[in-house]
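Chemist: Just need the structure, nothing else, for what follows:
(chains A and B)
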Amino acid sequence: MRSVRPYLTGAIALAVAAVIFVMPFVFVALQAVKSKSEASRLDFELPEHWLFWDNLVAVFKARDYQLVLAYFNSTLITVVSVTILILLSAMVGYVMQRRKTAWNRVAFAALFMGLMMPPAVVPTIGLLQDIGLFKTMTGMILIQVAYNLSFSVLLYRSFISTIPRDLDEAALIDGAKPRQIFFRVVLPLLKPVTVTNIVVQSIAIFNDFTNPLYYLPGKENVTVQLTLYNFQSMYSSQYNLLFMNILLVTIPPLIVFIFFNRQIVAGMTAGGVKG
Amino acid sequence: MTETPPHSRKSPYPLWFFIPAAIIYGVLFLFPTISSLWYSLTRWDLSTAQFIGLENFQQFFSEPFLVKGLVNTLLYAVTTSGLKTVCGLLLAVLLTSNIFARGFLRTLVFFPVLVSTIGIGITFTVMMHPTKGIINVTLETLGIPGPGWLTNPALALFSVALVDVWKGVGLATLIFIAGLAAISPDYYEAARIDGATRLQQFFRITLPLVRPATVIVVTLSLIGGLRSFDLIWAMTRGGPGFSSDVIASVIYKQYQAGFYGLSTAGNVILFALIAVIILPFTLRFDRREVEE
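Modeler: Sure thing, here's the model as predicted:
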């Protein structure tokens, strides 16, 4: 006898989830297509005129096309820092997993500290000023690499433990140099965890607010999260534009999510739980 | 081309693979962290640092609003971590049971994890508006007078904490789902044969066996809660008054005001807090590392 219970529980769960998890996004989308006066009522009414395009253009035009600049900056920071991050953390994770020396313990402890401890912001700002990287894209990119390194290395390290050492030895016997073993043999095998790393870190860096706030002040350096923060006070009377901005900032992670949902889930759990 | 040092020719795992990462990490993370211990003992304007001993710490602990930040940090971390753990486990049990639309529900719960914290902060600030906000309007139609979620000093911190749970519970759920999947169904079958109720199964089998996942969820959410800044800043800026200030927002405010030494002292206090709270958990992690 097939029970109706799974359907009943499922239906109730769906209804509750719809209210709790979907409603806020519907709310954002609704306000984003309304007129200024309709949006200021902050309700769930459908708009009288759908102003999607008008609001979109208005948000992009605001403050001399600041949002366009912000998208450019955020994309640049994300792409470059994730690229560096992937390369460096795969290298570190590989040697860390394969070579069991005293240094590894030190490196592991240092990395673990990075996972736990918040960065000491003001000393970092002082240092960035001294080496001339404060308020620069280069500085911001290197900061993102430094701060997100721990997570990526640990992810790679646990994945590499599933790749048999025999493979390295076979390549060695075939005359491959250490560098070649890594770049030609191991790195291609790391593709699944690399995709996970790219996805997770891109989202984290694209969504990062605190670090650009501290290390990348200035109008020309604005990132998408900072525009949102700036627009919050600027648009306090124009909720339609504020929510259009939120909608635009939510779209990139949404796209990533649609394409890589499985990958993210696999990666998030692979590193952690092993029963 | 780079010269390969002789010792790395012996091992196929070259130590120089560490070097680029070590430089970036060492210079931009480890060095500032260690030097913060010194700067926290100084009056500092970013160019000259004058040693003043423990004065920054004395000031920190004698200012009621700074101490409030400390207390709030603990409250916030414990609240968010507790709720994420409990709700995450319950959701995971629900979403591993045989229900309709399971995959879709998992997706739904996880999506907020990936969305901009600032965007979520602004959205909920609007929805929590005391008179016009959708939450209170809904409560009103049900005949319940809604509170001033973010305007009531006694409530603001917890309102933000609730939003934090809303955003982060998906990750906890995901980790618990992975933990639950590792439990052999044989246990449940044996328990059913012995006549155990669902509740008994949960407390006697699920809860003990999902412990590794619980440790991870508690650790991650505690660390996140103690460090939390962006959501609080987006929703309340630490207000009303200082009622929702946490150490991370105090650090930012003192930095903005130009009190660099005091700001750094706040950082050191946060380090100490995290170390004291998280160390017992990480020792557990370490033991597992050794066992592997």
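
Chemist: measure residue B:261 to chain A for me?
Modeler: 9 Å (Cβ to the nearest Cβ, to the nearest Å). C-beta here means a position set from N, CA and C on the backbone, and glycine is covered the same way.

Chemist: Once you drop chain neighbours, what's closest to that residue?
Modeler: In space, and not counting its chain neighbours, residue B:261 is closest to residue B:44: 4.4 Å by Cβ to Cβ, 6 or more residues apart in numbering or on different chains.

Chemist: and if you look at residue A:163?
Modeler: Closest residue to residue A:163 apart from its sequence neighbours, by Cβ to Cβ, 6+ apart: residue A:189 at 5.7 Å.

Chemist: Could you report the distance from the one you found to residue A:202?
Modeler: 22 Å (Cβ to Cβ, to the nearest Å).

Chemist: more neighbours, these two?
Modeler: residue A:202 (20 against 14; other Cβ atoms under 10 Å in any protein chain shown).

Chemist: my guess is that one meets residue A:81, correct?
Modeler: No. Judged on Cβ atoms under 8 Å, residue A:202 makes no contact with residue A:81 at a distance of 9.2 Å.

Chemist: ok, residue 95 - how many residues close by?
Modeler: If you meant another chain, say so; for now it's chain A. Residue A:95, neighbours per other Cβ under 10 Å, totals 25.

Chemist: hmm, I had chain B in mind actually
Modeler: Residue B:95 has 21 neighbouring residues, counting by other Cβ under 10 Å.

Chemist: for the one 3 residues further on, same thing?
Modeler: Residue B:98 sits with 10 neighbouring residues when counted by other Cβ under 10 Å.

Chemist: And it, how close does it get to residue A:195?
Modeler: 30 Å.

Chemist: pLDDT value on the closest residue to residue A:240 other than its chain neighbours, please?
Modeler: Excluding the flanking residues, the one nearest residue A:240 by Cβ to Cβ, 6+ apart is residue A:39, at 3.8 Å. On pLDDT, residue A:39 comes in at 82.

Chemist: and if you look at residue B:288?
Modeler: So, for residue B:288, pLDDT stands at 55.

Chemist: cool, and residue A:177?
Modeler: 88.

Chemist: From chain B, how far out is it?
Modeler: Distance, residue A:177 to chain B, by Cβ to the nearest Cβ: 8 Å.

Chemist: So the closest residue to chain A within the stretch 51-200 of chain B versus residue A:21, what's the distance?
Modeler: Among all residues of the stretch 51-200 of chain B, residue B:100 sits closest to chain A, at 2.6 Å; criterion: Cβ to the nearest Cβ. According to Cβ to Cβ, residue B:100 and residue A:21 sit 17 Å apart.

Chemist: What's the nearest residue in chain A when you look at chain B?
Modeler: residue A:10 (2.6 Å).

Chemist: burial of the closest residue to the residue of the stretch 51-200 of chain B closest to chain A other than its chain neighbours, as a residue count?
Modeler: Nearest residue to residue B:100, sequence neighbours excluded (Cβ to Cβ, 6+ apart): residue A:10, at 2.6 Å. By other Cβ under 10 Å, 19 other residues sit near residue A:10.

Chemist: which stretches of the stretch 151-292 of chain B have low pLDDT?
Modeler: Judged by pLDDT under 70, the stretch 151-292 of chain B has its weakly predicted residues at B:284-292.

Chemist: nope, chain A is what I was after
Modeler: Applying pLDDT under 70 to chain A flags the ranges A:1-3, A:235, A:267-275.

Chemist: Can the helix ranked longest in it be said to contact chain B?
Modeler: Counting by DSSP state H, the longest helix found in chain A is helix A:52-98. Yes. Helix A:52-98 is in contact with chain B by Cβ under 8 Å from any Cβ of the partner chain, via A:88, A:89, A:91, A:92, A:94, A:95, A:98.

Chemist: From the residues you listed, list the buried ones, please.
Modeler: Buried subset of the residues of helix A:52-98 next to chain B (neighbour count, 16 or more other Cβ atoms under 10 Å in any protein chain shown): A:88, A:89, A:91, A:92, A:94, A:95, A:98.

Chemist: between those residues, which is closest to residue B:203?
Modeler: Distance to residue B:203, by Cβ to Cβ, is smallest for residue A:89 among these, at 40.4 Å.

Chemist: mind listing what that closest one touches?
Modeler: Going by Cβ atoms under 8 Å, 6 or more residues apart in numbering or on different chains, residue A:89 touches A:149, A:152, A:153, A:155, A:156, A:197, B:21.

Chemist: Does the closest residue to it other than its chain neighbours fall in a helix, a strand, or a coil region?
Modeler: Leaving aside its chain neighbours, residue A:89 sits nearest to residue A:152 (3.6 Å; criterion: Cβ to Cβ, 6+ apart). Going by DSSP: H, G, I helix; E, B strand; the rest coil, the secondary structure assigned to residue A:152 is helix.

Chemist: what about residue A:152, distance to residue A:224?
Modeler: 22 Å.

Chemist: One more: residue B:92?
Modeler: 32 Å.

Chemist: How about residue B:46?
Modeler: Plainly put, residue B:46 is 28 Å away from residue A:224 if you go by Cβ to Cβ.

Chemist: and what of residue A:136?
Modeler: Taking Cβ to Cβ, one finds residue A:136 at 18 Å from residue A:224.

Chemist: which ones are touching the spatially closest residue to residue A:123 that is not a sequence neighbour?
Modeler: Using Cβ to Cβ, 6+ apart and skipping residues adjacent in sequence, the residue nearest residue A:123 is residue B:32, 4.0 Å away. Residues near residue B:32 by Cβ under 8 Å, 6+ apart: A:119, A:120, A:123, A:124, A:126, A:127.

Chemist: which one of the residues you listed is nearest residue B:113?
Modeler: Set against residue B:113, the nearest of these by Cβ to Cβ is residue A:119 (21.9 Å).

Chemist: How about the backbone phi and psi for the closest one?
Modeler: The phi/psi pair for residue A:119 (degrees, to the nearest 10) reads phi -70, psi 150.
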